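>>> coords please:
(chains A and B)
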Amino acid sequence: MISLHILFNSIIMGLLLGGLYALVGLGLSLSFGVMKIINLAHGDLIILSCYIAFALQTLAGIDPIFSIIILSPCFFLLGYAIQKLIIARAFKINPQTVPIITFAISIILQNTCLLIWTPLSRGLLTYFSLYSLSIYSLNIPLIYLLDFIAALAIMIVLKVMLKRSYLGVAIRASSQDWIASQLMGINTDYIYAIAFALSLAISAISGVFLGLTVPFTPTSGVAYLLIAFGIVLIGGLGSMLGCFLGGITIGLIHVLSGLILGTGWQLFCVCLSIILLLLFKREVK
Amino acid sequence: MSKMRLFHLISSRKLIIPISVVIILAIMPLFGVYPTLIMFLYLVLLVMSSMWNLLAGYTGLICLGHASFIGISAYTVGIFTMLNLPYQLGIVVGGFSAALLSLLIAVPTFRMRGIFFAIGTLTVSEALRAFFTTFKPTEGAIWGGAGIPIKTAISLRELYFFMIPVAIVSLIILRLILKSKVGLGLMAIRDDETAARTCGVRVFKCKLYSFLISSFFTGLAAGSFYIYQGHVEPVSAFGINWTMLLMIAVVIGGIGTLEGPLIGAGIAVFLHIALARYAGLSLLIEGLLILSIMLLQPRGVAYLLHKILKKIYP
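All right, here's what the predicted structure looks like:
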């Protein structure tokens, strides 16, 4: 029998883990909400960011938290290049082939990581990795709290940017109707590239926090793609707050299924809940 | 009279190529084990990629969950051989179990279009992989990530001769479907689903037919392949590598053409053998190949060959 104390602690952990998942989902929600294309390489890009942070830490001795400052602009440029050079071209040839293209990118990234860093499980360890806060009888790892705060901060920044800045308005306009926004003088090709680049910059940040929280292998990207997909399904398209709530839901499912059924069943339960969600959702186009 | 008609039918031009191909396939085991193995792999991949092509090329459903049909069928065959039942029955039941799974998947995933369908099917195969990595039938049994052995006493040659009719029947059925009304409906759905629906195409029914047939034959081919392999484990059976292999065969050959998988499966098997020495690099190279073909020549090798043939025989 699970005691009430453990259950309560797990719920808190689930909520905080949900913050991390919301961060994973935010990037996908942005690119998907604007371009209506799911980037199947999303999970593997996150894992790539984990590995680069890992390399920076082991080779150059840069603290993972500070490596965000280097990683995020690099991923921004990478995203811009991928969108301009690959996805935009594929979209012009035939929109139906875009999933195949992004799937190929995901395989390429996965195997590059496998070649360079071998299939061993890695993690980002820092001096505060093992710290935890004790409030009454609850134990909260510091990393989980950091994840949650980072997710909240990025969500708020993104929301304000989308609402207030010219770029944000242009992004929202081209996500609603790209022909009309072209007629209003918005360069939609540029906006798509910027949105994709932003989504990758967020992925880089989420990658670093993911690496700090859980161990990763080159093939664990698929799981995070599915988690991000589930979050976008729960939260609705392009909604940042919905994304956050979706992340918390998936985080709770993840932790509670691990507590009740055992850790082996966690991914299965998350996948199953996504399938059930699809079953009861209105028609998705 | 009937003998004459049969003779005419055989000597008519249309059938010369298929019959000679069948004869070449049938005498392949005379050349030794290695050519038989290569042709066996080719046939397996041909069936699977043709069936993936039926979904991706003709119906516009990019399915990333074909590995779930492959894995389910493999596990069914494994369970059948564990219970000492005939392997042929196991393969057929494996095909039917794959079809049953596709029927179950169809309800939640057919309401999605395009990319949603792709990722929905990927979720199913990942869910099954996670299930089979932790599932244990009884306490103390070692299924889980270790998988189950498939012990049979049959030779590769027998399997090969089982695979030839499966491949031929699947290709004939594929052709019949595409010539029929259902095939026309499928292509209408691919080009514009809403328009097809307004024109009176029964979208759900057409998609379901193509999905069922695709999964059934994929299951048959997968069952025979895993009997050759002798062992099933969840990571390889439900893994993304299968999807990648089918995709590369179809994309290189030419997506949405009947002859595409015929060429593409050959190239994929060749790549598989040629790159076997560089295990780590092989998937990377295959991924780069898909990417470059999709961007440079989306219609594949079949289209290029068609163009060359037209120049030689105008």
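
>>> Okay, and A:I38 sits in which element?
Secondary-structure element containing A:I38, defined by DSSP states H and E: none, the residue being outside all helices and strands.

>>> for it, what are its contacts?
A:I38 sits next to A:L28, A:F32, A:P99, A:T102, A:F229, B:I115, B:F116, B:A118, B:I119 when contact means C-beta atoms under 8 Å, 6 or more residues apart in numbering or on different chains. For every residue, glycine as well, the C-beta is placed using N, CA and C.

>>> Among those residues, which lie within helices?
Filtering those for membership in helices, criterion DSSP state H, returns A:L28, A:F32, A:P99, A:T102, A:F229, B:I115, B:F116, B:A118, B:I119.

>>> Looking at these, which is nearest A:F209?
Taking C-beta to C-beta as the measure, A:F209 sits nearest to A:L28 out of the ones in helices among the contacts of A:I38, at 15.4 Å.

>>> Check which residues of stretch A:149-169 are buried.
Counting neighbours by 16 or more other C-beta atoms under 10 Å in any protein chain shown, one finds that the buried residues in stretch A:149-169 are A:A150, A:A151, A:I154, A:M155, A:L158, A:L162.

>>> re earlier: least trustworthy position among the ones in helices among the contacts of A:I38, going by pLDDT?
Across the set of the ones in helices among the contacts of A:I38, B:I115 stands lowest in pLDDT, at 74.

>>> the helices in the stretch 51-200 of chain B, which residues?
Residue ranges of the helices in the stretch 51-200 of chain B, as given by DSSP state H, counting those that start in this stretch, are B:66-82, B:87-109, B:114-134, B:156-179, B:181-191, B:193-198.

>>> after the last one comes which helix or strand?
Reading on from helix B:193-198 to the C-terminus, the next helix or strand found by DSSP H and E is helix B:203-229.

>>> ok, which stretches of the stretch 1-150 of chain A are helices?
In the stretch 1-150 of chain A, the helices defined using DSSP H, counting those that start in this stretch lie at A:4-35, A:42-55, A:64-81, A:88-93, A:98-117, A:142-164.

>>> residues touching the nearest residue to A:Y131 once chain neighbours are set aside, list them.
With C-beta to C-beta, 6 or more residues apart in numbering or on different chains as the criterion, A:Y131 has its nearest non-adjacent residue at 4.2 Å, and that residue is A:L142. Taking C-beta under 8 Å, 6+ apart as the criterion, A:L142 is in contact with A:F128, A:Y131, A:S132, A:L133.

>>> Give me the neighbour count for the last one.
By the criterion of other C-beta atoms under 10 Å in any protein chain shown, A:L133 has 11 neighbours.

>>> next one: the first one
Other residues near A:F128 come to 14 when the count uses other C-beta under 10 Å.

>>> low-confidence ranges in chain A?
Confidence mapping of chain A against pLDDT under 70 gives the ranges A:1, A:238, A:282-285.

>>> And chain B, by the same measure?
Where chain B drops to pLDDT under 70, the residues are B:1-14, B:138-141.

>>> Now residue 90: closest residue in space, sequence neighbours ignored.
Defaulting to chain A. A:I101 (4.6 Å).

>>> Hmm, no, I was thinking of chain B.
Leaving aside its chain neighbours, B:G90 sits nearest to B:F80 (3.1 Å; criterion: C-beta to C-beta, 6+ apart).

>>> separation between the one you found and chain A?
B:F80 sits 25 Å away from chain A when distances are taken as C-beta to the nearest C-beta, to the nearest Å.

>>> So that residue is in contact with B:L89, correct?
Yes - here B:F80 lies in contact with B:L89, judged by C-beta atoms under 8 Å, at a distance of 6.5 Å.

>>> Looking at the two, which is more packed in?
Per other C-beta under 10 Å, whichever of B:F80 and B:L89 has more neighbours is B:F80, with 23 against 11.

>>> ok, now which ones touch the more buried one?
Taking C-beta under 8 Å, 6+ apart, one finds B:P86, B:Y87, B:L89, B:G90, B:V93, B:G94 in contact with B:F80.

>>> Skip ahead from the one helix or strand A:I234 maps to and say which helix or strand is next.
With elements delineated by DSSP H and E, A:I234 resides in helix A:221-235, which encompasses its position. The C-terminal neighbour of helix A:221-235 among helices and strands, as given by DSSP H and E, is helix A:240-260.

>>> Run through the neighbouring helices and strands of that following helix.
Under the contact definition 3 or more C-beta pairs under 8 Å, 6 or more residues apart in numbering or on different chains; DSSP states H and E, helix A:240-260 sits against helix A:4-35, helix A:142-164, helix A:221-235, helix A:266-280.

>>> Just name the most buried of the ones you listed.
Relative to the other members of those, helix A:221-235 carries the highest mean neighbour count by mean count of other C-beta atoms under 10 Å in any protein chain shown, namely a mean of 25.

>>> right, quick check: that helix against chain B, any contact?
Yes - between helix A:221-235 and chain B, judged by C-beta under 8 Å from any C-beta of the partner chain, the touching residues are A:V222, A:A223, A:L225, A:L226, A:F229.

>>> Tell me how far that helix lies from the chain's centre.
Computed by C-alpha atoms, centre = their mean, to the nearest Å, the separation of helix A:221-235 from the middle of its chain amounts to 8 Å.
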